[in-house]
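*Asks:* quick one, fold the following:
(chains A and B)
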Amino acid sequence: MGNPVKKMSAIDRVFLLLTGLLAAYQIAIGVEGVPAVSLWAYTVGFGILLLAGIMLIILGFEGLDSPFVAIVSTAAPLALSLGLVWDYLPAWRVAYLVFVIVGFIAVTITRVARMGRVATITLAVVHGVAGLIIFGLPIYLSLTGTTPGGFILVGIGGALIGVGGLMLSFLKMGKPVLSQSAILTILPGLLFLMTAAFVAGFTFS
Amino acid sequence: MATNLRATISRYTPLFKSLQTGLLLLTGLAGYMSARCPIFNVFTVLAVAGSLLLAISGSTILNMWYDRDIDARMERTAGRPIPSGQVSPVEALRLGLLLSLAGVVWAVTLDPLYGVIVFAGLFFDVVVYTIWLKRRTPWSIVWGGLAGGMPILAGRALGMGQVEWVGVALALAVLFWIPTHILTFAARHHEDYRRAGVPTVPAVYGFAINRAIIAVSSILAAVMMGIAAYGIGLEVGYLRVMVVLSIGLLTLAIRSLMRPSERINFGLFKYASLYMLGTMLLMMFVQ
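*Replies:* Alright, predicted model coming up:
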């Protein structure tokens, strides 16, 4: 990240630990009555949140100084959105699975090959679509009564993961929407809130 | 009187290496509790904890007693109680022998097979690893690993009444995990070890080989842990958590292999400890 990185505070560590524990809890209990594909998609999404919490505690914010952060921060919303599409939009399963695979490969290639503007646009499109699905679909399903009202919390988590992921990704690309220090200040709390919203949403639905 | 006792405790406390002892003790308890024994059988659990605590602490103190000369030459360990003169070598030897003997006798009383395995762990650790091989070959870590696998094998054997394949798989998981733990530490403090004349893998074979061994042993540890967890009958949700934790271990090991750095190396060291803690807690409390 170039500049000296913000030191992690005790409260940051507490937020990250809680993030990891909540994600581990969700992985362990799973989501009842869903197909294997969506269960594994949710496991990948929450698995990334679990490992992100642990790795940040161990490595500090310097751990974000890795070429794979942008890729991994895209994989979490892609996996969670795939699970939602698989569960609630069966007609779109194959099309969205193709989008997830192609999108992930495109982000990885453009990121590894350091393709500058193309990488930024690819990331914004892939991340944006996944984020909109996690944000919009649960809210729509809750408001139309397809799912219990508590499922709306997954949408709130989707909004937060979209904001967090994009901030992190653009920070990695050298185009931060906020200063590095500001992003790192809110990141642990944001990770915790999004994970709590997801877990609560799945639990209350 | 009370002041003297407090002073003695504060002198002795660093001799026990509380984190290392605690982690090994946890593996022993996990081995026992994974056998689906009634975990509320408080007396047996306390007896396992007590006997292992005594035996592990005793062997740790005996190691410190024997290694006092090399500890004095290493910056990291020069402040330990024996090289710094806070505890005399004879005092440490007596304490180490007393605790080891008490631990083994308690273990044998609890169950002869359990006692034999606890004694084997102590023997491998103190005699084979520390006294015989540590100053001769970097491959002494294999024997250190075997010793490290004994508490979990002992606990499992006590719970099952025999040594069975799950217990062996658990012991192998710890055996393969030990190089990740020890070699990341050896890389971080290689100058210290070189000054003390202790042959380590990074010093004898170089850092690249050291990282390769760490990566391979991490993979083997994760695989053996998975096999053991399956054999124990860990519920599928908790197996998923274990898979995720194992992926974290492998990611750091491979990252260390591809793009080595001091931060990743030390991160892997810390993650490996957390990994062992997490998997042991899963085996202890959820099935």
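*Asks:* pull out the buried residues from the helix or strand B:L249 falls within.
*Replies:* Per DSSP states H and E: B:L249 is located in helix B:236-258. Neighbour-count burial for helix B:236-258 flags B:237-253, B:255-257 (criterion: 16 or more other CB atoms under 10 Å in any protein chain shown). C-betas here are computed from N, CA, C, even on glycine.
*Asks:* just those that are near chain A?
*Replies:* With CB under 8 Å from any CB of the partner chain as the criterion, the buried residues of helix B:236-258 include B:G237, B:Y238, B:R240, B:V241, B:V243, B:V244, B:L245, B:I247, B:G248, B:T251, B:L252, B:R255 near chain A.
*Asks:* turn those residues into JSON lines, columns for pLDDT.
*Replies:* What follows is these, written out as JSON lines (pLDDT from 0 to 100):
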{"residue": "B:G237", "pLDDT": "92"}
{"residue": "B:Y238", "pLDDT": "92"}
{"residue": "B:R240", "pLDDT": "94"}
{"residue": "B:V241", "pLDDT": "95"}
{"residue": "B:V243", "pLDDT": "94"}
{"residue": "B:V244", "pLDDT": "95"}
{"residue": "B:L245", "pLDDT": "95"}
{"residue": "B:I247", "pLDDT": "94"}
{"residue": "B:G248", "pLDDT": "93"}
{"residue": "B:T251", "pLDDT": "90"}
{"residue": "B:L252", "pLDDT": "90"}
{"residue": "B:R255", "pLDDT": "87"}
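*Asks:* out of those, who's nearest B:R68?
*Replies:* Using CB to CB, B:L252 comes nearest to B:R68 of these, at 33.8 Å.
*Asks:* is it true that the closest one touches B:N265?
*Replies:* No: B:L252 lies out of contact with B:N265 (CB atoms under 8 Å); the separation is 9.2 Å.
*Asks:* in three-state terms, label A:P188 for me.
*Replies:* Classification of A:P188 using DSSP: H, G, I helix; E, B strand; the rest coil returns helix.
*Asks:* what segments of the stretch 1-150 of chain B are helices?
*Replies:* B:2-12, B:18-33, B:42-66, B:68-73, B:89-110, B:112-123, B:140-160 (DSSP state H, counting those that start in this stretch).
*Asks:* just the CA trace of stretch A:32-43, in CSV.
*Replies:* Presented in CSV, the C-alpha positions along stretch A:32-43 are these (Å, rounded to 0.1, in the frame of the first residue of the first chain):
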residue,chain,number,x,y,z
GLU,A,32,-31.4,-25.4,6.1
GLY,A,33,-33.1,-26.9,3.1
VAL,A,34,-30.9,-25.4,0.4
PRO,A,35,-29.3,-27.3,-2.5
ALA,A,36,-25.6,-28.4,-2.2
VAL,A,37,-24.4,-25.7,-4.7
SER,A,38,-25.8,-22.8,-2.7
LEU,A,39,-24.7,-24.3,0.6
TRP,A,40,-21.1,-24.5,-0.7
ALA,A,41,-21.4,-21.0,-2.2
TYR,A,42,-22.4,-19.7,1.2
THR,A,43,-19.6,-21.6,2.8
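*Asks:* same question for it, mean pLDDT?
*Replies:* Taken as a whole, stretch A:32-43 has a mean pLDDT of 92.
*Asks:* what residue ranges in chain B score low on pLDDT?
*Replies:* Counting by pLDDT under 70, chain B shows low-confidence ranges at B:1, B:37-40, B:287.
*Asks:* show me what contacts residue 188?
*Replies:* No chain in the question, so chain A it is. Residues in contact with A:P188 (CB atoms under 8 Å, 6 or more residues apart in numbering or on different chains) are A:M8, A:I11, A:D12, A:R13, A:F15, A:L16, A:T19, A:L56.
*Asks:* chain B was what I was after
*Replies:* Here B:R188 is in contact with B:E262, B:N265, B:F266, B:F269 (criterion: CB under 8 Å, 6+ apart).
*Asks:* return the subset of those lying in helices.
*Replies:* B:E262, B:N265, B:F266, B:F269 (DSSP state H).
*Asks:* is it true that the last one touches B:H181?
*Replies:* Yes: applying CB under 8 Å as the test, B:F269 and B:H181 come out as touching, 6.7 Å apart.
*Asks:* compare the two (neighbour count), which wins?
*Replies:* B:H181 (25 against 22; other CB atoms under 10 Å in any protein chain shown).
*Asks:* so how far is chain A from the more buried one?
*Replies:* For B:H181, the distance to chain A equals 14 Å [CB to the nearest CB, to the nearest Å].
*Asks:* equivalent analysis for B:D125, please.
*Replies:* Distance, B:D125 to chain A, by CB to the nearest CB: 28 Å.
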